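**Student:** starting from these lines, generate the structure:
(one chain, ligands or ions: 1)
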Amino acid sequence: MRERTWWKEAVVYQIYPKSFSDSDGDGFGDLPGVIERLDHLERLGVDCVWLNPVYESPQRDNGYDVSDYRAIYPEFGTMDDWDRLLEELHERDIRLVMDMVPNHTSTDHEWFQRSRSDPDGEYGDYYIWRDGDTDANGDPVPPNNWESFFGGSAWEYDDEREAWYLHLYDVSQPDLNWRNPAVRDAMVDAMNWWLEKGIDGFRLDVVSLLSKAEGLPDGDPNNEWVGSEHFVDGPRIFEYLDEIHERVFAGTDAVAIGEMPNLDLEHARRYTGPDGPLDLVFHFEHVGLDFGERGRWDVGEWDLLDLKETLHRWQDGLAWNSLFFENHDQPRSVSRFGDDERYRYESATALATILLTLRGTPFVYQGQELGMTNGTFESLDDVSDVDTVRNVRELIADGEVEDYASIRHVVEHRTRDNARTPMQWDDTAHAGFTDGEPWIPVNDNYPEINVARERERTPSVLSYYESLIDLRERTDALVYGGYELHRPDDEQLFVYTRTLDDERVVVAINFSDREATADLDVLDPEASLLVSNYEDVTATPAETLELRPYETRVYEQP
Ligand code: TEU
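**Tutor:** All right, here's what the predicted structure looks like:
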């Protein structure tokens, strides 16, 4: 636990390059655009960048459909631009983590093209092909009932090979066959190729899905993701991950971060334990709290007790967590967990406090440091995200919802486009993201919420992020300290301590839109205030704390 490593001390900033900054006016963010904005990252004080996929790709799933793992998608720039980005980041002492997609490629990838045209050739067994049956009419039926995460069957019939291929995501993202040692070699080689270029690690996309159950049996049709019990944490997953660890990460200080849909605590412990193959894992329990009866495409009720219970269980149960409220797949956290109308500043900073003072490595998603909010999507035509479009179309086709109007509130709450509207830099056209026409419209509120404006105003979400990142950097207890939760049943307050030797920090947050009062026995009367999101707070605490809506206090105990 006390073992010191750079990725425990780092605050990671996630860049979704397509929506970050466009340098050439084509409306599509690019690598030179990222380079132009590095001062923002330096000032924010982050230590590492996780860059979403920038590889050659037809962009059906915005780069998670890779057609060449060793080339840069031209709209993002060139390999020289990428080299320059790495150099400029390292000059600023900011590390770079690339996003690797080992579970599937694009159908445009040469491996797939050759696999489809030559079943007996070198690439014939690179993907998961099955013959399948025919129905009474002689039409082909899929080999099993597994579903794609994006809706519909997980199988697609390929006329050329006259067989079905598995795709757990889009039809253009065929799953690789990890049973084939040549596939494992190819992926290991691609990863080592990037490591040799000097990067600092990988975020591994849906890496817990690599192993599919023997015989590909039908899944329980009542499961939200039909088939998932046969491919989440599958039978050979530890073997594959151990191999990746051995051949790629062992003996380096590169970080291995596994993205793992449907991850439970028990598996997380095994993946990241002393003999585990990974350093960090992403689980999605806390961002599933607002699912409704129909799952992800429904909005349900959640409250602070749920959020505290979930975060606490993971804090308590896992030696080292990945901490996040946002990423490119999630809606904006201030809209989802906070109050983006009355208390945007207060609730965005309350979330920042949780993110940056719990135990684990914090991940800040671009725009989160400004308190960027969810967007408006009047019709399905305004939505770009393949996940939303496919799932919503399917719900309408199946008669589960009548039309877009009746599911619009869910889409606006949930769609991944919320995270993908362009980064808001200033109040000029298109928020300073591009001189051209952005590939996805900028959020209407950009004149009010943008980097330039955040720098002028006091207080601001941005300056709060800066001060908390700085505080975390200076305070060992916030990184390596133990964690203890207080008042677990309090419906308004989230209170915990972080302790390392005799350094003790108390975090008290009123995570509600009402005033809260409390006598906190954990708080010493001599404690001194380190940070608050309200301005007129006394240096030492009163006997009874009176906390205003979403007020945060971070104290150091004497
Ligand atoms: O996402 C995988 C994925 O299914 C989850 O992140 C999901 O959103 C989560 O379980 C919350 O419900 C990854 C990428 O992040 C995403 O952008 C890609 O579309 C997907 O894999 C396919 O590569």
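**Student:** near the ligand, which residues of the stretch 201-350 of the chain show up?
**Tutor:** Residues of the stretch 201-350 of the chain lying close to the ligand by CB under 6 Å from any ligand atom are D205, V206, E259, P261, F284, H328, D329. (C-beta placed from N, C-alpha, C; glycine too.)
**Student:** find the nearest non-adjacent residue to the third one, please.
**Tutor:** Looking back up the chat, that one is E259. Spatial nearest neighbour of E259, chain neighbours left out: F282 (4.8 Å); criterion: CB to CB, 6 or more residues apart in numbering.
**Student:** grab the most central residue of the protein for me.
**Tutor:** Taking CA atoms, centre = their mean, the centroid of the chain lies closest to N327, which sits 3.5 Å from it.
**Student:** now the residue nearest to E259: how far from P58?
**Tutor:** Look at F282 and P58: by CB to CB, to the nearest Å, they are 26 Å apart.
**Student:** more neighbours: the two, which one.
**Tutor:** Taking other CB atoms under 10 Å, F282 and P58 do not tie; F282 has more neighbours (22 against 15).
**Student:** OK, contacts around the residue nearest to E259?
**Tutor:** When contacts are counted by CB atoms under 8 Å, 6 or more residues apart in numbering, F282 touches I257, G258, E259, M260, L263, S322, F324, N327.
**Student:** please apply the same query to W320.
**Tutor:** M1, K8, T272, D279, L280, R359, G360, T361.
**Student:** among those, which are in strands?
**Tutor:** Under the assignment DSSP state E, the contacts of W320 contribute L280, T361 to strands.
**Student:** now list the buried members of the contacts of W320.
**Tutor:** Taking 16 or more other CB atoms under 10 Å as the criterion, what is buried in the contacts of W320 is K8, T272, D279, L280, R359, G360, T361.
**Student:** which ones are touching the first one?
**Tutor:** Contact criterion CB under 8 Å, 6+ apart gives W320, T361, V479, Y480 as the residues in contact with K8.
**Student:** the last one too?
**Tutor:** Residues near T361 by CB under 8 Å, 6+ apart: W7, K8, A10, V11, V12, L280, W320, N321, S322, L323.
**Student:** farthest pair within the buried ones among the contacts of W320?
**Tutor:** D279 and R359 (14.7 Å; CB to CB).
**Student:** quick one: the helices in the stretch 351-500 of the chain?
**Tutor:** Chain-ordered helices for the stretch 351-500 of the chain, with DSSP state H, counting those that start in this stretch as the definition, fall at 386-397, 404-414, 417-420, 451-456, 461-474, 476-480.
**Student:** most tightly surrounded among the ones you listed?
**Tutor:** helix 417-420 (a mean of 24; mean count of other CB atoms under 10 Å).
**Student:** using PDB, list the CA coordinates for that helix.
**Tutor:** Only the C-alpha atoms of helix 417-420 are listed here, as PDB (Å, rounded to 0.1, in the frame of the first residue of the first chain):
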ATOM      1  CA  ASP A 417     -22.400  12.900 -26.800                       C
ATOM      2  CA  ASN A 418     -22.800  14.900 -23.600                       C
ATOM      3  CA  ALA A 419     -19.100  14.300 -23.000                       C
ATOM      4  CA  ARG A 420     -18.200  14.800 -26.600                       C
END
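**Student:** that one vs the ligand: in contact?
**Tutor:** No: judged by CB under 6 Å from any ligand atom, helix 417-420 and the ligand are separated, with a smallest distance of 9.6 Å.
**Student:** could you tell me how many residues sit around the closest residue to the ligand within the stretch 101-250 of the chain?
**Tutor:** Among the residues of the stretch 101-250 of the chain, Y169 lies nearest to the ligand; the distance is 4.2 Å by CB to the nearest ligand atom. Using other CB under 10 Å, the number of residues around Y169 comes to 25.
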